[in-house]
Structures are given as structure tokens and as C-alpha cells.
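**Student:** Need coordinates for the below:
(2 chains)
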There are 2 protein chains.
Amino acid sequence: MNSPSYRTLLDTPCLVVDLDRLERNLAEMAEYARTHGLALRPHLKTHKTAEIARMQQAHGVVGFTCAKVGEAEAFAAAGVLDDVLIAYQIVGDRKIERLLRLAERVRVTVAVDSVAVAEPLSRAALARGEQLDVVIEVDTGLRRAGVEPGEPVLRLAREIIEMPGLRLRGLMTHEGHAGRASTTEELEGLARMAGEAMVASAELLRREGIPVDVVSVGSTPAAFATTRVPGITEMRPGTYVFYDAAAFRFGRIGPDRVALRVLATVISRPAPDRAVIDAGSKTLTYDPPPPGRTGYGYVVEYPDAVISRLSEEHGVIEFPPGTKGPQVGERIEIIPNHVCPVVNLQDELFVVRGGEFVGTWRVIARGCVR
Amino acid sequence: MNSPSYRTLLDTPCLVVDLDRLERNLAEMAEYARTHGLALRPHLKTHKTAEIARMQQAHGVVGFTCAKVGEAEAFAAAGVLDDVLIAYQIVGDRKIERLLRLAERVRVTVAVDSVAVAEPLSRAALARGEQLDVVIEVDTGLRRAGVEPGEPVLRLAREIIEMPGLRLRGLMTHEGHAGRASTTEELEGLARMAGEAMVASAELLRREGIPVDVVSVGSTPAAFATTRVPGITEMRPGTYVFYDAAAFRFGRIGPDRVALRVLATVISRPAPDRAVIDAGSKTLTYDPPPPGRTGYGYVVEYPDAVISRLSEEHGVIEFPPGTKGPQVGERIEIIPNHVCPVVNLQDELFVVRGGEFVGTWRVIARGCVR
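**Tutor:** Model prediction:
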């Protein structure tokens, strides 16, 4: 490759967003949702920037998804949020207070997976003379939070519809376990099972007279599979804006589709088979590689190299025997294993188009764990 | 334990610093350095706060250590830095420019491990009519950056003393590999070997007429072993201010000595053996456990529980059969595997004394990877 000007212009380590690739990724997912009659509600955690949220709005979204109240507050303050699903159990008086304050400005729906979570929400909403929209979080195989599909969903739904401060809108799941499959067939099988469990649970509630407007699924790797199940109404992909090393192994996309890369500099060549770069776990994170890959990211210029060890500010790259490898001072680009936490470590993204640096975007929802 | 007031007062997830424990840790290391005639130059990366840097100064330090220029700039701007070792290879014109600007305000020493790194530094310093203090980084077994002990150090030293913009002050190493040992004996053996390699290299240079004023070693786990080798002049521990789960296994300290904990809330109890907390990899990080432990941190209230899986905002805790475990809404405290990157994810630390919340400290050098 010839060396685009941003590679020498920008100081490292930093995150570089390719605008053309980003726009292609946004357009493709929006087109898929439109074609399949699905509401698109992207998760903001991947990019955490107002600029990309606005681009997503321009492509047509029903609203956004956040995990934490703090993330939603950051986007509301930036004026780019009018409808949000907090896909998380909000526990504790102070957070519930913030959630209800947010609901004064923005349409808010929040996940619940137990009476213990739902009751304080209902009480607090009622005390304000309001009703809060909720969806039941269903565990379709991830084994994280959520209630089991079928009867357990129905039992919780019956409790919720009796709570005067809550209004049950439907069901949500995050079928993230499907993305850990080793083959496309396995991925599609797990995703379809998750989608079917959601639709069956929704049908069970409807048969009992409980209306279910929303049947919402999440996860980028499974996005094109779970949503083929008739009855799914909404999708919440996140990483599709950038993609990452976890997106490769299903073959649908290659490194050329990845819109965000870590630009790093080689700072030491202590041995012929070893280089050290200025990006460590404070930049790349220790997020594990997807099945079938090793190391802490994909080195674009040296696809056979392995980022074998990290410390906070050092990345150790090992090269196969016979590889010449880069010199001290050389720049390299890395596709991270998981892009969301990598963005979370930065205050800004550097935006390029056609190899030229065109500006910076602020990561407005960095941190925001509360 | 009775429930100290900060546990209900503070919202979660957040980092809680116990002031009494912190002061004990600071005093102990300062006393050790004094007793053994060592210069103490703590690494600022662990706490990244001006308040703790000032406490360290009050206990007596010769200066501080930083990895990146940006960290040193943050502390210089806060007015708490007068002498800093940048224990890192500074590569690239823009960073060298910043390094030299910093050297106008603060005494700066910087690590070099190759002619490729040293020459641009010399040229840039010379162009300003200045000399930059450097130390040679020696690889005593970590296999990261650095030159091999002995002859390779001498060869590089001979090149450096010919560079008119540089002034060679001595040698440094980070013997972090010793901390990965499985037993105290192994730890002490590796640390002693590292210390002896440093002293032997320093002696080799001196025999060739090259003065060596500084023989500096780093790493908290090895701190009390490497520095017993006569001829070591300086120690650069970092994590000793707080300690972490990596500090347990050598027996010298227990959880009661750890001055920083993650306060988290249980948000879901989807199964009898499983709880989900509001601290995921965005709080605890994916930093691996020390040898002999599993999971992403040590749960103080449930030492037999394992934080078996993380996603960004969720931590999944598994309990041994028969454990009652916490309820939704209950608070728990976690000692992270590695405290430095955990601090790096937060904007503030919450300070307590005797169970009472007494104030917040700003994490002034969060990020700062450039």
C-alpha cells in the first residue's frame, strides 16, 4: 500500500475511522432493516460519538440502545437522543431517579428480568404519577442476565402488568452467544433458535391476552440470522458501524470492510522475531481473540504476525521466521479483537477519507459505567 | 462485617480508596527505601492522581516514573512533578518535541534501548543547544523492550556517549517477569538474577571508563528482592500504593492490605449459582488473574466465588453449590486482578476512612497513551 498522509500526520497510538467504510457499513445495515421490515435501534456503546449517531439517524433508526443511564444522559445532553432502550437492569434509588429524570426529556424503555428489579421501578414511577415503559429481558442462551423463554417470561409478565407504574411493551434478548460459534452454520443455528424462542414467548403472552408490541434482538454477528425469524420486530446491532477482528471469521466481511483501526508506532526491535509497539492493553484491551485466532488484534500490514503479549503501554508482536518486519519508527495498523472497549479508552476518534485526515470526533460517552 | 456508610452512599460501579490502608502502604515502602539506602521513584501509572503523588512526596521520593510523555505532562500541569523518568522509548518527532518542552520545566530522564531511538533524541536536543539525560533500558528477562545485559549494554553505551545531545546517567530495567513466578522462592530467584545482571552490566561500563550513577529497577512484586542486590541505587514500584489480587499469592500481604476496591451492585440473580453485577470489563478489565487464581477479580464477601465471565457492563459471578449468595441490590467489593488499568477507566476515586466517605480524587492522567 502507498502510505496515506494521515499515517505520518497523526501521533500514535490513536484510533482512525475511515469515513467511506463507515458509511458503507451504516447504509448496508439500514437497508437490511428496511428490506426486512425491522425497526433498527443501534447500540451506541460501539462508537459513543454524536456524529455517528446523527449519521445513523439520517439512515433511519427508530431510536437507540444504551447499557447504562450515564451513556443515555451523555447523548441526551448532546441533543441526539429522542428514544432510547436501556438494555440493562437499573437497580438502586439513585439510578432509578436519574432514569425517570431522563424519561422527562426522552422516550425511555428499560429492561427488567425479575420482580426485584421491576418493583422499585414501578414504585418510583408511580410516586411521580408516571408510567415507565419496560421490556422483559429473555435469556436465549447467553447465560448472563434475563429470564428463560416460555413460562418464566409469562410468569414475570403477569407480575409486571399488575404493577401500576410500569407499562409492558414486549421482550428483548441479546443473543451474543451466537457470535461465539465456530462456523457460520453454528452461528445461524444458534441465532435462529434464539429468534424462535423470542417469538414463541411473545406468542405465549399474546395467547394469555398480554399485548406484545416489541420483540427485539441484538448482536451484530447474529444480526442477519436472528432477524429472519418471522415475528421479530426490532434489531439492535452495535459493532456493525466499524466491525472488528471478531467479525472476520464468518467470511461475510474481510479486513477491508473494517472502518476503525488502531494506528501504532514500532518503538523497539529487540530481536529479529520481535517488535514492540506503543499500543498496549490501555489501547488494544485484553479482550480475547475470536475462536480460531490468537493474539490481541489483527496486524493489517503483517497478517501472519501475532500480538502475543501486552502490558499497559507495550504491545509485543512476534513474526514468523524469515519475516523482515517493521523498523523502529514505522507505523502499523491494527484491527482490534473487540472494537467497543477500545473506543471506550479514547477521548477522540481521528477521521480520514481517501487517506486524508479530515477531522476529529469526540467520544462523548467514554466511561459512563454508572 | 457491619456495613460502612460509604457502601450505601456511593453509586456503583466505582473505585473506593481506603485512606488508612493507603497511608500504611506508602509509609512501608518509603521506610524500606530509606533503610536500604535506595532512591524511591514510584511509577505514577497506578494511581494517576495528584493527591497520592503529593503524599508520596511527603514520604520522601527522589522523583517519579511515567511511561508516556502525556502522563508526565498531566502531572507537570498539576504542579506535582519536578523530576521524572520516562521509562519508555520515545519515538517520533512530535513526541520528542513534547519531551524536550517538558524538560524545560522538569528534570527529565528518558529510556533508550537502541541507536535508532537514541539518535533522533540526540539530534533534537542538540538543535536546541541542550543535553537530554538518558538511561539504557536493559532486558533482564521480561522479553519486552530493552537490550540484553552485559556486552550489548556496553555496545549501546559506547554509541550513546558519542552522541552530543545525550548524557548517559545509567541503567534501568523492569523485572516484571519475576512477578509472574508461582512461588516466593522463584520470585526471589528471578528478582535476584535481574538485580545481579544490572549490577554486573553497570560494573562492566565502569571498568570501561563510562560512569554509571543510576542502576534502577522496577516492579512491586519483586521490590523487596531485586533491591537486596548491592549496587542497585533506585527502585520504581507502582502498585504498592493500592496492591491488587496479583499481590496475594506471595503471602506477604492479604486482602486486608489492599487499599482500592471496586464497589459493585448485584443486578440479577438468574440462577441459584449465578449473580450478575454492574461491573464488567469496562470496570474490572480483562487483565488475566495471577497464576493459581481464576476469574476477573477477588470477591471480598465471597472469596470462593469466581467472576467467571465479563462483558462490557456485566460481570457474571458463579458460586459454589450450597452458597446462598447475594440478593439483587446487594453491594459487593472486588479486588481487581491488576489495579492500574482499572484506575485508568475512571475519572475519579472515592476516598473513605473508617468506613466514612471523605472525598473524591480526580484521575488526572487517565488515558494519556501518547
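
**Student:** got the buried residues for stretch A:195-213?
**Tutor:** Residues of stretch A:195-213 classed as buried: A:195-199, A:201-202, A:204-205, A:210, A:212 (neighbour count, 16 or more other C-beta atoms under 10 Å in any protein chain shown). For the C-beta atoms, the positions are set from N, CA and C on the backbone; glycine is no exception.

**Student:** Sorry, wrong one. I was asking about stretch A:157-174.
**Tutor:** By 16+ other C-beta under 10 Å, the buried positions in stretch A:157-174 come out as A:157, A:159-161, A:163, A:165-174.

**Student:** Of the buried residues of stretch A:195-213, which belong to helices?
**Tutor:** Among those, DSSP state H puts A:195-199, A:201-202, A:204-205 in helices.

**Student:** picking that back up, and the buried residues of stretch A:195-213 as TSV, adding pLDDT and distance to residue A:13?
**Tutor:** Listed next are these as TSV, based on pLDDT from 0 to 100; distance: C-beta to C-beta, whole Å:
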residue	pLDDT	distance to residue A:13
A:195	98	39
A:196	98	43
A:197	98	42
A:198	98	40
A:199	98	44
A:201	98	45
A:202	98	45
A:204	98	50
A:205	98	49
A:210	98	51
A:212	98	46
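
**Student:** Can you lay out the residues you listed as CSV showing distance to chain B?
**Tutor:** As requested, those are arranged in CSV below (distance: C-beta to the nearest C-beta, whole Å):
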residue, distance to chain B
A:195, 20
A:196, 20
A:197, 15
A:198, 17
A:199, 21
A:201, 15
A:202, 20
A:204, 19
A:205, 19
A:210, 21
A:212, 21
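
**Student:** which one of the residues you listed is nearest residue B:179?
**Tutor:** Within these, proximity to residue B:179 (C-beta to C-beta) peaks at residue A:197, which comes in at 46.0 Å.

**Student:** Make sure the closest one is actually in contact with residue A:152.
**Tutor:** No: using C-beta atoms under 8 Å, residue A:197 makes no contact with residue A:152, being 11.3 Å away.

**Student:** Next, show the common contact partners of the two.
**Tutor:** With C-beta atoms under 8 Å, 6 or more residues apart in numbering or on different chains applied, the contact sets of residue A:197 and residue A:152 do not overlap.

**Student:** Skipping adjacent residues, who's closest to the most centrally placed residue in chain A in space?
**Tutor:** With distances taken as C-alpha atoms, centre = their mean, the residue of chain A nearest its centroid is residue A:238 (3.3 Å). Across the structure, with C-beta to C-beta, 6 or more residues apart in numbering or on different chains as the measure, the residue nearest residue A:238 apart from its sequence neighbours is residue A:43 (3.5 Å).

**Student:** Wait, the one you found touches residue A:63, no?
**Tutor:** No: contact criterion C-beta under 8 Å: residue A:43 and residue A:63 do not qualify, at 11.1 Å.

**Student:** Looking only at neighbour counts, state which of these two leads.
**Tutor:** When residue A:43 is set against residue A:63 and neighbours are counted by other C-beta atoms under 10 Å in any protein chain shown, the residue ahead is residue A:43, at 24 against 20.

**Student:** that's a strand at residue A:349, yeah?
**Tutor:** Yes: if the criterion is DSSP: H, G, I helix; E, B strand; the rest coil, then residue A:349 is within a strand.

**Student:** neighbours around it, how many?
**Tutor:** Counted with other C-beta under 10 Å, residues neighbouring residue A:349 total 23.

**Student:** Contact partners for it?
**Tutor:** Residue A:349 sits next to A:15-17, A:47, A:49, A:260, A:343, A:360-361, A:363 when contact means C-beta under 8 Å, 6+ apart.

**Student:** Wait, residue A:279 touches residue A:262, no?
**Tutor:** Yes: with contacts counted by C-beta under 8 Å, residue A:279 reaches residue A:262, the gap being 5.5 Å.

**Student:** Please enumerate the shared neighbours of the two.
**Tutor:** A:13, A:334.

**Student:** In terms of neighbours, single out the busier of these two.
**Tutor:** Here residue A:279 and residue A:262 are compared on neighbour count by other C-beta under 10 Å; more neighbours surround residue A:279, at 28 against 25.

**Student:** Roughly how far does that one sit from chain B?
**Tutor:** Residue A:279 sits at a distance of 7 Å from chain B (criterion: C-beta to the nearest C-beta, to the nearest Å).

**Student:** Find the helix or strand that that residue is a member of.
**Tutor:** Under the criterion of DSSP states H and E, residue A:279 resides outside all helices and strands.

**Student:** now swap in residue A:125 and tell me
**Tutor:** Element membership of residue A:125, judged by DSSP H and E, is helix A:115-127.

**Student:** how about that helix: buried residues?
**Tutor:** Judged by neighbour count (16+ other C-beta under 10 Å), helix A:115-127 contains these buried residues: A:116-122, A:124-125.

**Student:** What about chain B: which of the residues you listed touch it?
**Tutor:** With C-beta under 8 Å from any C-beta of the partner chain as the criterion, these include A:116-117 near chain B.

**Student:** quick check, nearest of the buried residues of helix A:115-127 to chain B?
**Tutor:** The closest of the buried residues of helix A:115-127 to chain B turns out to be residue A:116 (C-beta to the nearest C-beta; 3.9 Å).

**Student:** I'd say that closest one and residue B:275 touch.
**Tutor:** No: in terms of C-beta under 8 Å, residue A:116 does not count as a neighbour of residue B:275; the distance is 11.8 Å.

**Student:** what is in contact with the two at once?
**Tutor:** By the contact definition C-beta under 8 Å, 6+ apart, residue A:116 and residue B:275 are jointly contacted by residue B:269.

**Student:** got the contact list for residue A:201?
**Tutor:** Applying C-beta under 8 Å, 6+ apart, we find residue A:201 in contact with A:138, A:149-150, A:153-154, A:171.

**Student:** redo that, cut-off 6 Å
**Tutor:** A:149-150, A:153, A:171 (C-beta atoms under 6 Å, 6 or more residues apart in numbering or on different chains).

**Student:** Strands - which of those land there?
**Tutor:** Under the assignment DSSP state E, the contacts of residue A:201 contribute residue A:171 to strands.

**Student:** Tell me the most packed of the contacts of residue A:201, by neighbour count.
**Tutor:** Tallying neighbours with other C-beta under 10 Å puts residue A:171 at the head of the contacts of residue A:201, with 30 neighbours.
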